[in-house]
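>>> Return a 3D structure for these sequence lines:
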Amino acid sequence: MRNTWIICRKELGSYFASPVAYILLTMFGLILGFFFWNALGFFVIEGIEMQMRGQSFPMNINEQVIRPLLSNVAVIGLFFIPMITMRLFAEEKRTGTIELLATSPIRDLEIILGKWLAAMVLYSCLLLFTALNFAFLFKYGNPDWKPLAIGYLGLLLQAGALLAVGTFISTLTKNQIIAGAATFGVCLLLWVIGWVGEYETATWARALPYLSVITHFESFARGVLDSKDAVFYLTAIFLGLFFTARSMESLRWRS
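The predicted structure is shown next:
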């Protein structure tokens, strides 16, 4: 684990030593802040209009503000995750330092976990910016914190799966742009693959929604912790890192 932590710190240092991390944090915060401002504005206006009409339908801040915002965070992450993972191994291959890693006494698993954990830490920092918006709700409102906590867990698990996919793709090329574009394409496919089941009744089509990352996030967004959804994300993380290990093994043999 010591080597894993060293690799993780090295990757985090490279993120924050360049403008990459700061640009991602700024853009993520601004985009989510815009979504939050709009969602809260609609919520307030709807409440005022209902009072003016004399309606007493209870408004739920968790369902009408927090849940849509969590879904928005997941969508925004779909665009930011490729930017985080595209340099993990592609940059090493471009600069030629991948040979040093491949021939070093550090195990492949330690290298892979270190880089993946660094990506997870950076994404967690992005999520911290969203927490500032939700803190505003707790200061002036009374939302239920448990669904929000479960929603954040779902965001982390979903990001972990997609980051593992991006880590694997980054080992396949030395061009960061290609790695980022390919990661976005695969992640987008995993996002929309379940749409087929909405109009196709064949057995294979009904099975496709289970492969969609957004299908398994819906229960987390509702504040429901379903073990099958957590198992899906953990399995996806394992497979992504497993294929990364196989790719690293081939690099070690070629070195």
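
>>> Okay, now the unreliable bits of this structure?
For the chain, applying pLDDT under 70 flags the ranges 47-51, 54-60, 102, 197-205, 251-255.

>>> quick one, what contacts the spatially most central residue of it?
The chain has Ala159 as the residue nearest its centroid, 2.4 Å off, counting by Cα atoms, centre = their mean. Neighbouring residues of Ala159 by Cβ atoms under 8 Å, 6 or more residues apart in numbering: Gly77, Ile81, Met120, Tyr123. Using the backbone N, CA and C atoms, a C-beta is placed for each residue, glycine as well.

>>> Need the contact partners of stretch 72-81.
24, 27-28, 31-32, 35, 39, 123, 126-127, 130, 155, 158-159, 162-163, 166, 183-184, 187-188, 191, 214, 217, 221.

>>> Counting neighbours, which of those end up buried?
Among these, the ones that count as buried by 16 or more other Cβ atoms under 10 Å are 24, 28, 31-32, 35, 39, 123, 126-127, 130, 155, 158-159, 162-163, 166, 183-184, 187, 191, 214, 217, 221.

>>> Give the buried residues for stretch 235-254.
Buried residues in stretch 235-254, counted by 16+ other Cβ under 10 Å: Ala236, Ile237, Gly240, Leu241, Phe243, Thr244, Ala245, Ser247, Met248, Leu251.

>>> Counting only helices, which of these make the cut?
Members of the buried residues of stretch 235-254 lying in helices (criterion: DSSP state H): Ala236, Ile237, Gly240, Leu241, Phe243, Thr244, Ala245, Ser247, Met248, Leu251.

>>> what sits against the third one?
With contact set as Cβ under 8 Å, 6+ apart, Gly240 has these partners: Ala161, Leu163, Ala164, Val165, Thr167, Phe168.

>>> same check, this time on the second one
Contacts for Ile237 (Cβ under 8 Å, 6+ apart) come out as Leu157, Gly160, Ala161, Ala164.

>>> now those residues as TSV including distance to Glu92?
As requested, these are exported to TSV (distance: Cβ to Cβ, whole Å):
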residue	distance to Glu92
Leu157	27
Gly160	21
Ala161	23
Ala164	17
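
>>> okay if I get the residues you listed as JSON lines plus secondary structure and neighbour count?
What follows is the contacts of Ile237, written out as JSON lines (DSSP: H, G, I helix; E, B strand; the rest coil; neighbours: other Cβ atoms under 10 Å):
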{"residue": "Leu157", "secondary structure": "helix", "neighbour count": "22"}
{"residue": "Gly160", "secondary structure": "helix", "neighbour count": "21"}
{"residue": "Ala161", "secondary structure": "helix", "neighbour count": "24"}
{"residue": "Ala164", "secondary structure": "helix", "neighbour count": "25"}
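
>>> How far off centre is the helix or strand hosting the residue nearest to the centre of the chain?
Per DSSP states H and E, Ala159 falls inside helix 145-170. Centroid separation between helix 145-170 and its chain, computed with Cα atoms, centre = their mean, to the nearest Å, is 4 Å.

>>> That helix: what's the following helix or strand?
helix 176-192.

>>> just to revisit the earlier point, switch the contacts of Gly240 over to TSV; also include distance to Gly114.
Below are these laid out as TSV (distance: Cβ to Cβ, whole Å):
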residue	distance to Gly114
Ala161	18
Leu163	13
Ala164	13
Val165	18
Thr167	11
Phe168	15
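
>>> which of those residues lies closest to Pro68?
Closest approach to Pro68 among the contacts of Gly240 (Cβ to Cβ): Ala161, at 22.0 Å.

>>> Excluding chain neighbours, what is closest to the closest one?
Spatial nearest neighbour of Ala161, excluding adjacent residues (Cβ to Cβ, 6 or more residues apart in numbering): Ala236 at 3.7 Å.
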